[in-house]
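>>> 3D, please:
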Amino acid sequence: MTMHKGRCQCGEVEFEVTGDLGAPNACHCSVCRRISGHYFASTEVAKGDLRLLREDGLRWYHSSAKVRRGFCGTCGSSLFFDPPHRDWIAIAMGAFDAPTGVRLSLHIFCADKGDYYDISDGLPQNAQ
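Purely as a prediction, here's the structure:
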């Protein structure tokens with residue numbers, strides 16, 4: 001069984017995911033850009049496949065009525081995108097220990113991307 005581990009920068013939040021990771025996407029919406037400092041690259045996993053090993057620093061921010069975002073309250077690392085009504089949670093790719101074994105597959109909310117960069121990797125780009 002494949003196991004992927006990850007954490008925030010300071011180690012106050014640690015997690016592991018059982019099973020293979022799905023192909024990640026990059027979200028360029030204004031909320032993801034503000035919360036992460038750029039676009040938010042993440043992979044979706046079944047909530048049952050995520051286990052928090054340490055959650056002392058974990059804090060939740062409700063960025064909308066449908067989504068909460070998990071981050072470390074100590075170091076500020078953006079970690080999770082959680083729509084509570086769904087059976088999956090998205091985890092920031094930058095929080096995983098290498099190797100992940102996956103590659104970015106798609107860009108979403110490209111109509112909202114920042115004006116200071118181009119998307120030129122040849123991957124599909126969805127306006128929303």
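
>>> What is the neighbour count of the nearest residue to residue 84 once chain neighbours are set aside?
Nearest residue to residue 84, sequence neighbours excluded (Cβ to Cβ, 6 or more residues apart in numbering): residue 68, at 6.6 Å. Any C-beta I mention is one placed from the backbone N, CA and C, and that applies to glycine too. Applying other Cβ atoms under 10 Å, we find 17 residues neighbouring residue 68.

>>> tell me what the helix or strand bottoming out on mean pLDDT in the chain is packed against?
Least confident helix or strand, the chain: helix 30-36 with a mean of 93, by mean pLDDT, DSSP states H and E. For helix 30-36, there is no helix or strand it packs on, judged by 3 or more Cβ pairs under 8 Å, 6 or more residues apart in numbering; DSSP states H and E.

>>> helix or strand right after that helix?
Sequence-wise, the next helix or strand downstream of helix 30-36 (DSSP states H and E) is strand 40-46.

>>> For residue 45, name its beta-bridge partners.
residue 89 (DSSP bridges).

>>> Give the full set of residues in contact with it.
17, 19, 21-22, 88-91 (Cβ atoms under 8 Å, 6 or more residues apart in numbering).

>>> quick one: which two of the residues you listed are the most distant?
Using Cβ to Cβ, the two most remote members of the contacts of residue 45 are 19 and 90, lying 15.1 Å apart.

>>> Enumerate every residue touching the residue nearest the centre of the chain.
Among the residues of the chain, residue 92 comes closest to the average C-alpha position under Cα atoms, centre = their mean, at 2.5 Å. If you count contacts by Cβ under 8 Å, 6+ apart, residue 92 has them with 36, 40-42, 77-80.

>>> pretty sure residue 93 contacts residue 43?
Yes - with contact defined as Cβ atoms under 8 Å, residue 93 reaches residue 43; the gap is 6.2 Å.

>>> which residues are in contact with both of the two?
With Cβ under 8 Å, 6+ apart, residue 93 and residue 43 have common neighbours 24, 100, 102.

>>> Much appreciated, bye for now.
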